[in-house]
Structures are given as structure tokens and as C-alpha cells.
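> Need the 3D shape of this:
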Amino acid sequence: MILNREKEIARIGQALKSSSPQLIVVYGRRRCGKSTLLQHMMPDDAIYFSADLRDAPLQRDALAREIESLIPGFSRAVYPDWESLFLGLNTGLKKRTVLCIDEFPYLVKNCPELPSVLQKLLDASQNTNYHLILCGSSQQMMHSMVLDKSSPLYGRSDEIIRVKPMNVSYLQKFLSISAIETIEEYGVWGGVPRYWEIRKRAGSFGAAVKKNILDQHGLLYEEPERLFADEMRTSVQASSVLSLIGLGVHRISEIAGRMQKPATHISGLLSFLTKQGYIRREIPYGESEKTSKKSLYKIEDPFMNFYFTFLLPNKSRLEYDMIDQVWQEITERYDQYISFMWEDLCRKTIPQIVIAEKSFNPASRWWGAGRDKKPIEVDIVASSTDHSSLLIGEVKWTEKADVHALMASLESKIAALPFAGGKTIVKALFLKRKPTVPTPGFRILTPADVIDTRHHHD
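All right, here's what the predicted structure looks like:
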């Protein structure tokens, strides 16, 4: 499924047109469509090889058989090591082609010296007849093999492309559903194309969740274990952290306390899970990333959020096939769950849209003591790129929001904010549905506006 990967396609396509051999590195978490993207990009005469966990001699035999279609007789030779195979490939090719090795970290697990072998070939220009694409789902291994300064391949890549989850707008196109339904579905499937395909094969939203996630035989019932297996030796601690956050434990001191470990022992794990895109660190608007003591940790990935909020706490019941009962409880709590996802999506969309003829920097939440020393929370605060204005917004996910009460509440919060003086204030409400009452002085944004960021809101 190639819905949108224009930037990635353009960069890879440009590199493959180069007159000199290129090293292209593609990485990103499993199921985000890396292999589909590369297969879409491969010329007809490309060699595409997906590695696995077999021993190195068996992998070389398998790759040699793939090469056989371009170089007749290639697989009849025995290649005692990777260097001899790559040299034989370069010699045997009549014209330049593409060699794509998918799941490259699997090869390196069985042959740790492979990056050094490739470094030697690249430095000696012994791959003149093929562009080399290395792809992998283990983000940590790909990083250490290519992006780390101590790596043999460091500095040798011509393109490094991290394939990330897709934007919410493409989910709406893929499923052909309303904007409100898109937000609700995104709360489970997130931006992962493979999950979208699994969802589309089922009838309704509920049927898809029950069959693929809540059923112990479902395709995604043990998905976090598979994702963590790519990145770490044991997933126990990562699962523990995510399950605690899913239960509403957001401060590092509380997470560490529940795990009966000093906070210093889990700070590295939190940093790692943040880099992988599974969790995010939230600090109040205007605070320093380095010095803020007010950090909260939230689950960033929607699927993981759903899994650790709803599936894991109910796993023992699901093992007894109490799927319908668990789903009933999920539906009763789902609006509350999706309201946090909606809030996060609203913040993320701010840099992409123009409001009151202004562009805005990334948005944050703010919480702290107001001018009257009473605690305040504001869902959205963002400064304009020209520093003249502040966008301050409230987010609600209810069928019939009390708009007058929301407007009055936001006005009083703005009056008490310690940092709002001297700025033009742009007031915004992010609502599930357009209000039926007038809202003078307030910008109103709905799911359609947040999903389709081409709209200007003036």
C-alpha cells in the first residue's frame, strides 16, 4: 500500500539515478511499510533479498540464488564469506543495478563483521556495478550500524531515510470514513499501514478490534512483544513501563516506585522508548527540556496506548475468551480515552495550519500556578513564528459541548496565565462538532480541520 511516501520515493529515486554507486539506508519500526516502499521503487532487474535468522552460509546461498536470475550460474559457486560473494556479484554484473538487503540486522546478528566488510568494499570502490540499499526494523541496530560515530559504515551513506508512521489524514482516505470516525479509528490503529490493512479486511470497527486485538488468536494480540523483540534482549521492563503509563502513572518517580527501582535506573529506558517513538516526554509550555522538573510520560504510539490501556489489564479475562465483555467495557470508556488522543492530534496539527493569518510553532500543554497562585491547566499553547501572538486553546470531545462555559473558562484562564501579558491572544476551541451558537472572538476547529491541514482558519 503506497498512499503517500512522496518525499521518501523522491529521495530514493534521485539517489538511484546517480552516476556513482549509492549507499541508501532505510529504517523504521516494523509494519510501517518499508518493504512495500522499497519493492515499489525497485527496477525490474533489481536484486531484493529479505534476510532471516539462519546461519550465514545458508543466507549467502539464498542471496546467491536471488542473484542467479541476473548472473546465470552464480549460485553454483560456494562463497566462504560475504566479501567473496559481494566481489563476485560486482564482477559478474554487466550493468549497474540495485542490491536491496531487507532486514539487514538479521545478517549482522550472525555475522557481526559484515558492516566492516561493506566498509572495505565501499572504500575501495568495489561495488561500482550496484547501488546498495540496507533496510531494517531494528531501529537501534540500524542506528548503531550506520549512524553511530563508532560504526564502520558511519558517514558513508548517501541517503538515510527513517520511515515513520503515516499522518492521520491518510487513514481517512484509506478507510473512506468521516472525520470523526477517523479520529476514533486512529485511537487504535495509529499511523501504521499494516494495521490499516488488517482493519480494512474486517467489517466494522468493533469487529476488527475484537478479531485482531482482543482475541488471543488475533494477529495483533502479542504485537508489543514482537515490536520490542526487534530492539531489546528482554521486553519485560519496557512492557512494565508502558503498562504503568497505560494505567495513568506518568511521573518518573511514580513509575520507578511502582517498579521498585531508583529513578536513575529507568531514565535510560524512558529515553530509549522515547527515541523509538513509543512514549513521549511532556513538559509545560515555556519550560526548558533540560532543566524542567515537571516531566510527564505519555504513550505516544496509538496502538500501544490502546493495548496497554485496555488489553493488558484484561489479559486474564481475554485468555478465557471474555472478548465481548471486555469490548463492552472499552466502548463505555472509549470517548474518555479518545479525548486524550484528540487533544494530542490537535497539538500536533498546529504547525501545519494558519490561524488568524499567523503560523505557529509546535504546541504544548501548560500546567502550573496562575497569577492568583491557583493551579491552571491549558490544553494548547503555541507561540506564533513571528513571536507576536499566542494561540491558547481548549480541547473537548463530547457530542454537545457547553460552548458558552468553555469560552468563559478559557477567558478566565487566559486572564490568570503568568506568561500571556504583552502578546496578542488567539483563542481557539477544538470541538468534536461545530457549535450551533455564535462564538465571537474564538476560532473553532473540528476533526475535519485537524485531519485536512490544507485549510486556513481565519
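> Sketch out the low-pLDDT regions of the stretch 101-250 of the chain for me.
232-234 (pLDDT under 70).
> And the strands in it?
130-136, 159-162 (DSSP state E, counting those that start in this stretch).
> Show me which positions of the first one end up buried.
Neighbour counts using 16 or more other Cβ atoms under 10 Å place 130-136 of strand 130-136 among the buried residues. Where C-beta positions appear, they are placed from N, C-alpha and C, glycine not excepted.
> So in that sheet, which strands flank that strand, and in what orientation?
Its sheet considered, strand 130-136 pairs with strand 23-27 (parallel), strand 97-102 (parallel) by DSSP bridges.
> Which one, of the strands of the stretch 101-250 of the chain, ends up nearest to Glu225?
Nearest to Glu225 among the strands of the stretch 101-250 of the chain is strand 130-136; the distance by Cβ to Cβ comes to 18.7 Å.
> Work out which residue lies at the spatial centre of this protein.
Pro165 (4.3 Å; Cα atoms, centre = their mean).
> number of nearby residues for the closest residue to it other than its chain neighbours?
Counting by Cβ to Cβ, 6 or more residues apart in numbering, Gly191 is the residue found nearest to Pro165 once chain neighbours are left out, at 3.0 Å. Using other Cβ atoms under 10 Å, Gly191 has 20 other residues around it.
> Name all residues that make contact with Gly191.
32, 164-168, 170-171, 302 (Cβ atoms under 8 Å, 6 or more residues apart in numbering).
> Could you tell me which of these are located in helices?
Taking DSSP state H, the ones among the contacts of Gly191 that sit in helices are 168, 170-171, 302.
> Which members of the residues you listed are classed as buried?
Among the ones in helices among the contacts of Gly191, the ones that count as buried (16+ other Cβ under 10 Å) are 168, 170-171, 302.
> Dump those into a markdown table; add distance to Arg60 as well.
Shown next, in a markdown table, are these (distance: Cβ to Cβ, whole Å):
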| residue | distance to Arg60 |
| --- | --- |
| Val168 | 43 |
| Tyr170 | 39 |
| Leu171 | 41 |
| Pro302 | 40 |
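> Can you say which two of those residues are spatially most distant?
Farthest pair in these, by Cβ to Cβ: Tyr170 and Pro302, 14.0 Å.
> Touching, Val437 and Val403? I think so.
Yes: the pair formed by Val437 and Val403 meets the contact definition of Cβ atoms under 8 Å, at 5.5 Å.
> Show me which of the two is the more surrounded one.
Higher neighbour count among Val437 and Val403: Val403, with 19 against 8, using other Cβ under 10 Å.
> Chain neighbours aside, what residue packs nearest to the more buried one?
Counting by Cβ to Cβ, 6+ apart, the residue nearest Val403 is Pro435, at 4.4 Å.
> what helices or strands is the longest strand seen in the chain leaning on?
Criterion DSSP state E: the longest strand present in the chain is strand 375-383. Counting by 3 or more Cβ pairs under 8 Å, 6 or more residues apart in numbering; DSSP states H and E, the packing neighbours recorded for strand 375-383 are helix 323-349, strand 364-369, strand 389-395, helix 403-416, strand 424-430.
> Make a markdown table out of these and add distance to Leu63 and mean pLDDT.
Shown next, in a markdown table, are the helices and strands packed on strand 375-383 (distance: least, Cβ to Cβ, whole Å; pLDDT from 0 to 100):
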| stretch | distance to Leu63 | mean pLDDT |
| --- | --- | --- |
| helix 323-349 | 41 | 96 |
| strand 364-369 | 48 | 95 |
| strand 389-395 | 52 | 96 |
| helix 403-416 | 61 | 95 |
| strand 424-430 | 52 | 96 |
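> okay, those in a markdown table with distance to Phe49 next?
Shown next, in a markdown table, are those (distance: least, Cβ to Cβ, whole Å):
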| stretch | distance to Phe49 |
| --- | --- |
| helix 323-349 | 37 |
| strand 364-369 | 44 |
| strand 389-395 | 47 |
| helix 403-416 | 57 |
| strand 424-430 | 47 |
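> hey, which of these is tucked in deepest?
Mean neighbour count (mean count of other Cβ atoms under 10 Å) peaks for strand 389-395 among those, with a mean of 23.
> What strands line up against that one, and which way round?
strand 375-383 (antiparallel), strand 424-430 (parallel).
> what's the angle from that strand to helix 403-416?
Interaxial angle of strand 389-395 relative to helix 403-416 (axes from the mean of the first three to the mean of the last three Cα atoms, to 10 degrees): 140 degrees.
> So what touches strand 389-395?
339, 342-343, 346, 350, 355-356, 358, 360, 363, 378-384, 406, 409-410, 413-414, 417, 419-420, 423-430.
> Same check on stretch 197-205?
1, 174-175, 181, 184-185, 188-189, 208, 211-212, 219-220.
> Top of those residues by number of neighbours, please.
Trp189 (29 neighbours).
> What is the burial count for the closest residue to it other than its chain neighbours?
Once flanking residues are discounted, Trp189 sits nearest to Tyr195: 4.2 Å by Cβ to Cβ, 6+ apart. Tyr195: 25 surrounding residues under other Cβ under 10 Å.
> measure Tyr195 to Leu171 for me?
10 Å (Cβ to Cβ, to the nearest Å).
> which residues do the two both contact?
Trp189.
> coming back round to it: of all the residues in the longest strand of the chain, which ones are buried?
376, 378-383.
> The strands paired with strand 389-395: which one's closest to Arg156?
strand 375-383 (39.3 Å).
> residues touching Leu445, list them.
So Leu445 contacts 346, 428-431, 457 (Cβ under 8 Å, 6+ apart).
> In terms of distance to Ser388, which of these ranks first?
The nearest one, if we look at those relative to Ser388 and count by Cβ to Cβ, is Ala428, at 16.3 Å.
> Okay, and the beta partners of the closest one?
Bridge pairing for Ala428 - DSSP bridges - gives Gly393, Arg443.
> Phi first, then psi, for the closest residue to Tyr106 other than its chain neighbours.
Leaving out its chain neighbours, the residue that sits closest to Tyr106 by Cβ to Cβ, 6+ apart is Ala51, at 4.2 Å. With angles defined as degrees, to the nearest 10, Ala51 sits at phi -70, psi 160.
> Please tell me how far Ala51 sits from Leu134.
10 Å.
> do Ser267 as well
Applying Cβ to Cβ to Ser267 and Leu134 gives a distance of 31 Å.
> can you check Ala64 too?
Where Leu134 is concerned, Ala64 sits at a distance of 18 Å (Cβ to Cβ).
> Kindly report the same for Glu103.
10 Å.
> repeat for Arg365
39 Å.
> now Ile160
10 Å.
> got the CA positions of stretch 394-401 in PDB?
Taking C-alpha atoms only, stretch 394-401 is exported to PDB below (Å, rounded to 0.1, in the frame of the first residue of the first chain):
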ATOM      1  CA  GLU A 394      -9.200  24.300  24.900                       C
ATOM      2  CA  VAL A 395     -10.000  20.800  23.500                       C
ATOM      3  CA  LYS A 396     -13.200  18.800  24.100                       C
ATOM      4  CA  TRP A 397     -14.500  15.600  22.700                       C
ATOM      5  CA  THR A 398     -18.200  15.500  23.500                       C
ATOM      6  CA  GLU A 399     -21.300  15.400  21.400                       C
ATOM      7  CA  LYS A 400     -22.900  18.500  22.900                       C
ATOM      8  CA  ALA A 401     -20.200  20.800  24.300                       C
END
